[in-house]
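Q: got a predicted structure plus its sequence, pasted below:
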Amino acid sequence: MRVARRMRWGIAAGIGIAAAAVLPGAALAEEATRLEPIVVTATRIEQKASEQASSVSVVTREEIDLLHPVVAGDVLRGLPGVDVQRSGSPGNRENIKIRGGLAAHTLVMIDGFPVNSPTLGSFDIGSLSVEDFERVEVVRGAQSALYGSGAMGGVVNFIPRKGEAGRQAGLGLAGGSFNSVQGSAFAQGAGKDGNVRLGVGGWRSDGTLPNDDTSLVSFLGTGEAAVGARNRLHAIVLATEQEKGIPIDFGNPRDANHRLNRRGFLTGARWETSVSRAVTVSASGMVFDEFFREKDPADPGEAFPFVFDDVTKTRKMDFRLEGRYSPGPVSTTFLGVEYEKDHATDTFRSEFSPSDLDASTFNRSVFVQEEFRPWKHTGVSLGARLDRNSEAGTQFNPKAAAYREFGNGTVRLRGAVGRGFRVPTISEKQDVFIGNPALAPEVVISYEAGSDLALAARRVRLSGTYFYQSFRDLIQFDATVPGPQGFGQLRNRGRAFSRGVEAEATIRIASRAEAEVSYTFSDTWDGEGRTRIIGIPGHKARASLLVRPAPPFLVRADWLVESDQIDAPLNGTATRRPGFARVDLYSKYRWVLDDADFREIALVGRIQNLLNRKYEERIEFPAPGINFLLGAELKI
């Protein structure tokens, strides 16, 4: 009955979305002109995506608006080479993996500031709302030459929105399946000397299982100001708080009272001075604090309860000084120094062995980057970074990349090679249960070669990339060694590799219709365990159809497919997670109003898993069946 009721609601929502197409608007919005995305993450300077030698994907503001995401993972699905897997419903743990690497091999940044956890090594995007972000940039392949530890597989940079000219405010409200409610509000303004934008958002849902509820609140503020004729200051504040039930944990496939509370607070600033037309100096700094409390009392009737109360506090600090010399369009040279400090405390209480942890790691680095454009349609990128780390010693990571365009930009060849590394986290070295103080840093050598084609007067665009990543000293759990408590320990497990192909095709079918297909083949191998790397499907694809029936109306349909993968179950012995496919539908209808108190009104809607397929993204965590979200947005 519940499934049938959800399907009826989903079908009703779909009818409502379609009906919006015939509603009149006070003034129809003109069809937006598609501009090539600008990327800063790959080289730290603003360049067109076509001017990058590395493999880059950009999720634009228009896509974020249409997808109406709850958390960050909703906008990253289907990108080539990127695996985003959620442990059940929205708000549960969710990480990003790139090109067969682990979640800790992806450096996550917010406005260019690193936010990976000092204890986990990764960043849980299941607690990050993206309503107030302008775009998301994904750079694949080793990027440690620019960003140091953690950028082994790639970098994902969430870039916030800025205040726009004039003054504007708005709010949005949506509701849907599983008693879900989503709300947002913003205020912004800009003038010739600066801009400011403030946004708040919230999400709550009962989830799909008992004790699966989520409550998420976030605030994001950004501002820029000109200071004199040569200086500019940029600042960001991000605060998030999440209350979450954990419905499935180790030893209990249906936990009734396991709870998680998480708080995050990021402050950052960047000062830039134009010394001359050719020389620019910038200084930046950030502090990112996180608080976790995870508590699991005994469940009624539980035969062998593992009762614990765990409080973790982390602080990540990063300070960078950078100079840029650009005498002309042919050459831009960067030279910089960076200081990073990670600190963590952990108070763990259980009936077994209570533990307390208090530790810090430090990193000092110097880096250089050269962006060389010797001829038109040709680019070379050379970089290197020297890190001196308190736990990993000295690490030197170079990178070289190049591209060449032919036929007035219709054919483009590119390639890159680089070294990346990751320092063992504080917990990996000092955890009282499975930690190993002797852990060495993980290392990768990354290669890629690709081409991009534009055909039929650029109405058809094709892209393909071959990649190969050779890992050394991967940190994995080994149950065959006794460890601190006698049941296993983390250790470096020799060599592994991942290789594969990323492919994309975009076809502009008509002026108001476009199709897009992305596909990733991944072949991974753990030489120590003699098996595939955990959590990486061999095949994944997304086919999308974007239609604009009328200028203010957008509809997008996605078909997502993943093959099976090897997984690590919390309970039970099955290690193969079957493949799955699902269909999602998104829509937005906008009224742009002239000479009115309201500037814009929009109706938004989405239906996920339209065919109500049963599947799991991570083994033992059932994904939601058919579900919908309908809402309205208002700008004044």
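A: Right, received. Where do you want to start?

Q: now the strands for the stretch 151-300 of the chain?
A: Taking DSSP state E, counting those that start in this stretch as the test, the strands found in the stretch 151-300 of the chain are 154-160, 166-176, 180-191, 194-205, 214-227, 231-245, 259-274, 279-296.

Q: where among those strands is average confidence lowest?
A: Mean pLDDT values for those show the minimum at strand 166-176, a mean of 92.

Q: which elements pack onto it?
A: strand 180-191, strand 600-608, strand 627-635 (3 or more Cβ pairs under 8 Å, 6 or more residues apart in numbering; DSSP states H and E). C-beta here means a position set from N, CA and C on the backbone, and glycine is covered the same way.

Q: just to revisit the earlier point, most tightly packed of the strands of the stretch 151-300 of the chain?
A: Ranked by mean neighbour count, the strands of the stretch 151-300 of the chain are led by strand 154-160 with a mean of 25 (mean count of other Cβ atoms under 10 Å).

Q: quick check, residue 603 in contact with residue 553.
A: No - contact status for residue 603 versus residue 553: not in contact, 9.5 Å apart, counting by Cβ atoms under 8 Å.

Q: bridging residues for residue 399?
A: On the basis of DSSP bridges, residue 399 takes part in beta bridges with residue 383, residue 418.

Q: contacting residues for it?
A: Residue 399 makes contact with 142-146, 381-384, 416-419 under the criterion Cβ atoms under 8 Å, 6 or more residues apart in numbering.

Q: tell me the one of these nearest residue 545?
A: The shortest separation between residue 545 and any of the contacts of residue 399 is 31.9 Å, and it belongs to residue 416 (by Cβ to Cβ).

Q: contacts for the strand or helix carrying residue 517?
A: Assigning secondary structure by DSSP states H and E places residue 517 in strand 513-526. When contacts are taken as Cβ under 8 Å, 6+ apart, the neighbours of strand 513-526 outside the stretch itself are 78-82, 99-100, 474, 476, 493, 496-509, 531-533, 536-548.

Q: got phi/psi on residue 105?
A: Listed backbone geometry of residue 105 is phi -90, psi 0, with angles given as degrees, to the nearest 10.

Q: how about it, what does it touch?
A: Counting by Cβ under 8 Å, 6+ apart, residue 105 touches 97-98, 150, 152-154, 420, 422, 442, 444.

Q: ranges for the helices of the stretch 351-500 of the chain?
A: 426-430 (DSSP state H, counting those that start in this stretch).

Q: what subset of the contacts of residue 105 is buried?
A: Using 16 or more other Cβ atoms under 10 Å as the burial test, the contacts of residue 105 include 97-98, 150, 152-154, 420, 422, 442, 444 as buried.

Q: restricted to strands, list these.
A: Here DSSP state E is the test, and these give 97-98, 154, 420, 422, 442, 444 as lying in strands.

Q: the bottom helix or strand of the chain by mean pLDDT?
A: Sorting the helices and strands of the chain by mean pLDDT, DSSP states H and E puts helix 2-19 at the bottom, at a mean of 40.

Q: in its sheet, what does the helix or strand following that helix sit against?
A: Per DSSP H and E, the first helix or strand lying C-terminal to helix 2-19 is strand 38-39. Sheet partners assigned to strand 38-39 using DSSP bridges are listed as strand 47-48 (antiparallel).

Q: helix or strand right after the strand it pairs with?
A: Trace forward from strand 47-48 with DSSP H and E and the next one is strand 55-59.

Q: what's the angle from that next one to strand 513-526?
A: Between strand 55-59 and strand 513-526, the angle formed by their directions is 130 degrees, by axes from the mean of the first three to the mean of the last three Cα atoms, to 10 degrees.

Q: look up the residues forming beta bridges with the most centrally placed residue in the chain.
A: Within the chain, the residue whose C-alpha comes closest to the C-alpha centroid is residue 156; the distance, by Cα atoms, centre = their mean, is 5.2 Å. Residues in a beta bridge with residue 156, per DSSP bridges, are residue 108, residue 138.

Q: show me the contacts for it.
A: With contacts taken as Cβ under 8 Å, 6+ apart, residue 156 has the following neighbours: 76, 96, 98, 106-109, 136-139.

Q: any chance of the helices and strands packed on strand 166-176 in JSON lines, plus distance to residue 336?
A: What follows is the helices and strands packed on strand 166-176, written out as JSON lines (distance: least, Cβ to Cβ, whole Å):
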{"stretch": "strand 180-191", "distance to residue 336": "29"}
{"stretch": "strand 600-608", "distance to residue 336": "41"}
{"stretch": "strand 627-635", "distance to residue 336": "39"}
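
Q: now residue 176: how far from residue 608?
A: Residue 176 sits at a distance of 10 Å from residue 608 (criterion: Cβ to Cβ, to the nearest Å).

Q: check residue 602 too.
A: As judged by Cβ to Cβ, residue 602 and residue 608 stand 19 Å apart.

Q: repeat that for residue 313.
A: Between residue 313 and residue 608 the distance is 35 Å, computed by Cβ to Cβ.

Q: same check, this time on residue 566
A: As judged by Cβ to Cβ, residue 566 and residue 608 stand 26 Å apart.

Q: repeat for residue 385
A: Remark: distance between residue 385 and residue 608 (Cβ to Cβ) = 41 Å.

Q: same thing with residue 141?
A: Distance of residue 141 to residue 608, computed by Cβ to Cβ: 31 Å.

Q: quick one: which of residue 385 and residue 608 has more around it?
A: The residue with more neighbours, out of residue 385 and residue 608 and counting by other Cβ atoms under 10 Å, is residue 385; that gives 26 against 23.

Q: please name the nearest non-neighbouring residue to that one.
A: Computed as Cβ to Cβ, 6 or more residues apart in numbering, the closest residue to residue 385 that is not its neighbour in sequence is residue 367, at 3.9 Å.

Q: give me the neighbour count for the one you found.
A: Around residue 367 sit 23 other residues, with neighbours defined as other Cβ under 10 Å.

Q: pretty sure it contacts residue 334?
A: Yes - here residue 367 lies in contact with residue 334, judged by Cβ under 8 Å, at a distance of 7.4 Å.

Q: still on that earlier bit, top of the contacts of residue 399 by neighbour count?
A: The member of the contacts of residue 399 that has the most neighbours, counting by other Cβ under 10 Å, is residue 142 with 33 neighbours.

Q: a helix runs through it, doesn't it?
A: No - the assignment for residue 142 by DSSP: H, G, I helix; E, B strand; the rest coil gives coil, which leaves it out of any helix.

Q: for it, phi and psi?
A: Its backbone dihedrals place residue 142 at phi -60, psi 130, with angles given as degrees, to the nearest 10.

Q: where does it land on pLDDT?
A: At residue 142 the predicted local distance difference test score is 96.

Q: tell me the contacts of the residue nearest to it when sequence neighbours are not counted?
A: Distances taken as Cβ to Cβ, 6+ apart put residue 420 closest to residue 142, at 3.3 Å, once the chain neighbours are dropped. With contacts defined as Cβ under 8 Å, 6+ apart, residue 420 is in contact with 105, 142-144, 151-153, 397, 443-444, 446.

Q: with distance to residue 201 added, can I get these in CSV?
A: Putting those into CSV (distance: Cβ to Cβ, whole Å) gives the following:
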residue, distance to residue 201
105, 29
142, 34
143, 29
144, 33
151, 28
152, 31
153, 29
397, 37
443, 39
444, 36
446, 36
